[in-house]
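Enquirer: quick one: sequence and predicted model below, then my questions.
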Protein chains: 2
Amino acid sequence: MNNNSNLFLCKATRNTYEHRRSSLLCQVCGDRNARNCFGSVSCAPCKMFFRRNLDFDLVINKCIYDGNCEMHENSRHACRYCRFKKCLTVGMKKELTRPPRLNQKKRIGKQITPPLIRRLDLLNSNRSKLSFDQWSILSNVTHVYDQISPLPKILNSLSQSSFPPKKRLRIDGATLADMLGLIYRSIYSFLERIPDFTMMSIHDRNLLIERNLHNVGSTSGLLILRDGDLYSNYAFCRANLNTYGSDNFEGVSKLLNRLDMDRVAVKLFVVVLAFSTCFDVVRPSNMTNNIQLSKSTNRLHFNTINMFHIQNKYIDMLFIYMVYRYGYIEASLRFAALLFTALQLCVHTMEAANIQEHGDMLDTIIADTTRKLNVEDDPVV
Amino acid sequence: MNNNSNLFLCKATRNTYEHRRSSLLCQVCGDRNARNCFGSVSCAPCKMFFRRNLDFDLVINKCIYDGNCEMHENSRHACRYCRFKKCLTVGMKKELTRPPRLNQKKRIGKQITPPLIRRLDLLNSNRSKLSFDQWSILSNVTHVYDQISPLPKILNSLSQSSFPPKKRLRIDGATLADMLGLIYRSIYSFLERIPDFTMMSIHDRNLLIERNLHNVGSTSGLLILRDGDLYSNYAFCRANLNTYGSDNFEGVSKLLNRLDMDRVAVKLFVVVLAFSTCFDVVRPSNMTNNIQLSKSTNRLHFNTINMFHIQNKYIDMLFIYMVYRYGYIEASLRFAALLFTALQLCVHTMEAANIQEHGDMLDTIIADTTRKLNVEDDPVV
DNA sequence: AAAAGAGGTCACAAGGTCAG
DNA sequence: CTGACCTTGTGACCTCTTTT
Ligand SMILES: [Zn+2]
Ligand SMILES: [Zn+2]
Ligand SMILES: [Zn+2]
Ligand SMILES: [Zn+2]
């Protein structure tokens, strides 16, 4: 339909334009100062005329004369039919017309007033505010998180890679792995300073790290990426694209915009993930009757109930904090959004885990952490 | 139409030229002479287009057609929305854009989008309504759930215990266990009729049952308790109090009032729990370097990524369904409430798991189910 | 030094407006 | 409806920086 050269675009029109430069006459009415318009050459008035009459129906509207009205500068108004027909004859194309521009004067000012919704009874605690103890835990979490944040190092590393010698736009895979490794390694430093973690047995801590480090690290990493505005760094992005591929990069990029703006909430959520027991229900007793159960039930050693209570404690804190800060409805919205973000991020974390370099890196970090834990446990021996 | 400079080249040269060039078609509009641009391959115009429209908001600016405008060299102007969307689709990355050069005059700073929660950005699917496929899955889940519901049997058993001889006000522990056992056993019948479950490997199904039956069963049980109004039955309550104790009974009773009134939503949530992979991140490859990892990593056999996608699929469906039915805000409220209810219920499930009778019962059921699964797998042998 | 891939420029050709 | 006048989007052609 549009395979021939009739549908001029700039490239083609320029050529013909050059050719016809000497004659600046409107192909429709003969007026001077004609220009390229809709695939032909016409004056501005004829251009406007054509655009305004795109829906003009040559079948319904007939010329009142013989359909051969002359078109001159002064006579072009005489007959709409013949003028439009001439426009088509000289090669004006409706297809070169573009859709109307968006009305940029629309202002966003409208804030939707959320409808009143009955209050659901979400939590156990009747308190709508955090207790003193909860505030101190929350404050501790926030403070410690920033204290151990690997962001300064990463930024430093980035600026060293970028500036001094010359403005390098390339970071190699190893450098990137180092920077991301800092993020994952910082998780243990973080948890180490949270009493609820250190009060657990070495074994439980090991298992938590081993099981949750991927997700805790990536969630924390998302916050760090945003804090440091790292996805604005060209070299950093490029290195990430190289290592993790386009899909993963894009997914993370989206989530970056979706992550809750409240850093405190995100930090708390990181802790929730760290204590995640994943709905596992296990009996602490010995597994007398479980003949058929697979080896995966080694998780039985897990002190799951305790861990679950800790997780719930932080979820409660997170939600009460959000209610306190944003009101009940917005808190629910944000909580759901946070959860969905985490779920989606988990997909990308799994993708990353399948990448040899990334997987190996995490295995190493987990092994290192485990070793560290064991050393701390038996400092005398 | 084509660049006429080709005419002046000798044939051989032109061939290689054409060959080299023709291998690079613009991924956006199909134009020739495309190059690497922003992470994809595009012609210069599309490159410019993309850079100029970095702030183009696909949410605010919609296609005036159906959002599937064709992109050709000549039709690329037709729809900004579709062109930009195609740019993103073919992998152009905003992040590969660089900030404006410094020596030039300052540009107007980007306006930072306030932390408004974007409604439809939450989930993976762009649709705000369920697709036909999703509706059939949902309808199937709902229907099957009611079909296999053990409630009729339980009610029958209750009335038999209560009425015929005399109005018995006592149900013994064994009878109660039988009734509750029906609930837990029904889970497998339920899942068995869900294609997403049956299409998994026997091994995976085993692990899911083994891992999630406690929670799936208790959540489903909560719905059944409410459907049958069982907590209005004196004898039933008394038996429960006897077996599970006062705290547990009261806790469940509270949750009973808190559970979402929408049965469809709860049923979907039961499925979500059934496919719960618990944020586990595992590498499918062999664990070459995992020296220190404990035995719990036997879970590696788990086809976690697949399972996670299934879970996400049902979560999406659940949320979209709720948005469709209640609007975005109420959907978030209900979703959060459902999640909190489940978390709280999980605590009681754990408590119950520690009760000898209950734990043994579940072990038996899990073992039975596993056996059933294996038999179904090898009907010939 | 050449190629590649970023950003920048400006004339041209679209769309929009409003008095006439 | 018309057309002078204005605003906005496009792309050929350019410069600049890093990689090869
Ligand atoms: Zn004219
Ligand atoms: Zn006429
Ligand atoms: Zn193109
Ligand atoms: Zn379109």
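Expert: Okay, I see it. Ligands and ions are numbered 1, 2, ... in the order given.

Enquirer: pLDDT below threshold where in chain A?
Expert: Applying pLDDT under 70 to chain A picks out residues A:1-23, A:102-128, A:161-168, A:278-303, A:377-381.

Enquirer: show me where it has its helices.
Expert: For chain A, applying DSSP state H gives helices covering A:10-19, A:44-52, A:80-89, A:132-147, A:151-162, A:173-192, A:195-198, A:202-227, A:234-258, A:263-274, A:304-326, A:328-353, A:356-377.

Enquirer: distance to DNA strand C and mean neighbour count for those - can I get that in JSON lines?
Expert: For glycine as for every other residue, the C-beta is placed from the backbone atoms N, C-alpha and C. Listed next are the helices of chain A as JSON lines, based on distance: least, Cβ to the nearest atom of the strand, whole Å; neighbours: other Cβ atoms under 10 Å in any protein chain shown:
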{"stretch": "helix A:10-19", "distance to DNA strand C": "5", "mean neighbour count": "13"}
{"stretch": "helix A:44-52", "distance to DNA strand C": "5", "mean neighbour count": "18"}
{"stretch": "helix A:80-89", "distance to DNA strand C": "12", "mean neighbour count": "20"}
{"stretch": "helix A:132-147", "distance to DNA strand C": "32", "mean neighbour count": "15"}
{"stretch": "helix A:151-162", "distance to DNA strand C": "15", "mean neighbour count": "16"}
{"stretch": "helix A:173-192", "distance to DNA strand C": "18", "mean neighbour count": "20"}
{"stretch": "helix A:195-198", "distance to DNA strand C": "44", "mean neighbour count": "14"}
{"stretch": "helix A:202-227", "distance to DNA strand C": "20", "mean neighbour count": "22"}
{"stretch": "helix A:234-258", "distance to DNA strand C": "8", "mean neighbour count": "18"}
{"stretch": "helix A:263-274", "distance to DNA strand C": "29", "mean neighbour count": "23"}
{"stretch": "helix A:304-326", "distance to DNA strand C": "36", "mean neighbour count": "20"}
{"stretch": "helix A:328-353", "distance to DNA strand C": "23", "mean neighbour count": "21"}
{"stretch": "helix A:356-377", "distance to DNA strand C": "23", "mean neighbour count": "17"}
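
Enquirer: in a markdown table: the ones you listed, plus distance to B:R205.
Expert: Putting the helices of chain A into a markdown table (distance: least, Cβ to Cβ, whole Å) gives the following:
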| stretch | distance to B:R205 |
| --- | --- |
| helix A:10-19 | 60 |
| helix A:44-52 | 64 |
| helix A:80-89 | 67 |
| helix A:132-147 | 39 |
| helix A:151-162 | 43 |
| helix A:173-192 | 33 |
| helix A:195-198 | 34 |
| helix A:202-227 | 22 |
| helix A:234-258 | 29 |
| helix A:263-274 | 27 |
| helix A:304-326 | 23 |
| helix A:328-353 | 20 |
| helix A:356-377 | 26 |
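
Enquirer: closest one to B:Y65 among those helices?
Expert: helix A:44-52 (19.4 Å; Cβ to Cβ).

Enquirer: neighbouring contacts of that closest one?
Expert: A:26, A:28-29, A:31, A:33, A:35, A:37-38, A:42, A:76, A:83-84, A:87, A:92, A:97 (Cβ atoms under 8 Å, 6 or more residues apart in numbering or on different chains).

Enquirer: got the contact list for the residue nearest to A:D227 when sequence neighbours are not counted?
Expert: Closest residue in space to A:D227, ignoring its immediate chain neighbours: A:L151 at 5.8 Å, by Cβ to Cβ, 6 or more residues apart in numbering or on different chains. By Cβ under 8 Å, 6+ apart, the contact list for A:L151 reads A:I224, A:D227, A:G228.

Enquirer: and which of these is nearest B:A177?
Expert: Nearest to B:A177 among those, with distances taken as Cβ to Cβ, is A:I224, at 50.8 Å.

Enquirer: quick one: contacts for that closest one?
Expert: A:S149, A:P150, A:L151, A:I154, A:I183, A:L230.

Enquirer: what distance separates stretch A:86-102 from the centre of its chain?
Expert: Distance, stretch centre to chain centre, for stretch A:86-102: 38 Å (Cα atoms, centre = their mean, to the nearest Å).

Enquirer: wait, does that stretch contact ligand 2?
Expert: No - judged by Cβ under 5 Å from the ion, stretch A:86-102 and ligand 2 are separated, with a smallest distance of 9.4 Å.

Enquirer: which of the residues in that stretch are buried?
Expert: A:K86, A:C87, A:V90, A:M92, A:K93, A:E95, A:L96 (16 or more other Cβ atoms under 10 Å in any protein chain shown).

Enquirer: of the residues you listed, which are in range of chain B?
Expert: A:E95 (Cβ under 8 Å from any Cβ of the partner chain).

Enquirer: from the buried residues of stretch A:86-102, which two are the most distant?
Expert: Most distant of the buried residues of stretch A:86-102, by Cβ to Cβ, are A:K86 and A:E95, 18.2 Å apart.

Enquirer: and DNA strand D, which of the contacts of A:L151 reach it?
Expert: Checked against DNA strand D using Cβ under 7 Å from any atom of the strand, these give no members in range.

Enquirer: tabulate these (CSV), appending distance to ligand 3.
Expert: Listed next are those as CSV, based on distance: Cβ to the ion, whole Å:
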residue, distance to ligand 3
A:I224, 36
A:D227, 36
A:G228, 34
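
Enquirer: closest one of those to B:S189?
Expert: Among the contacts of A:L151, and counting by Cβ to Cβ, the member closest to B:S189 is A:I224, at 46.7 Å.

Enquirer: can you tell me how far the closest one is from chain B?
Expert: 16 Å (Cβ to the nearest Cβ, to the nearest Å).

Enquirer: again with A:E376
Expert: A:E376 is 15 Å from chain B, by Cβ to the nearest Cβ.

Enquirer: ok, now A:C79?
Expert: 31 Å.

Enquirer: find the nearest non-adjacent residue to that residue, please.
Expert: Using Cβ to Cβ, 6+ apart, the nearest residue to A:C79 is A:C69, at 4.2 Å.

Enquirer: next: A:K313.
Expert: A:D196 (7.6 Å).

Enquirer: do I have it right that the one you found meets A:V272?
Expert: No - the pair A:D196 / A:V272 is not scored as a contact, 11.3 Å apart, by Cβ atoms under 8 Å.

Enquirer: joint contacts of these two?
Expert: Counting by Cβ under 8 Å, 6+ apart, the residues touching both A:D196 and A:V272 are A:Y314.
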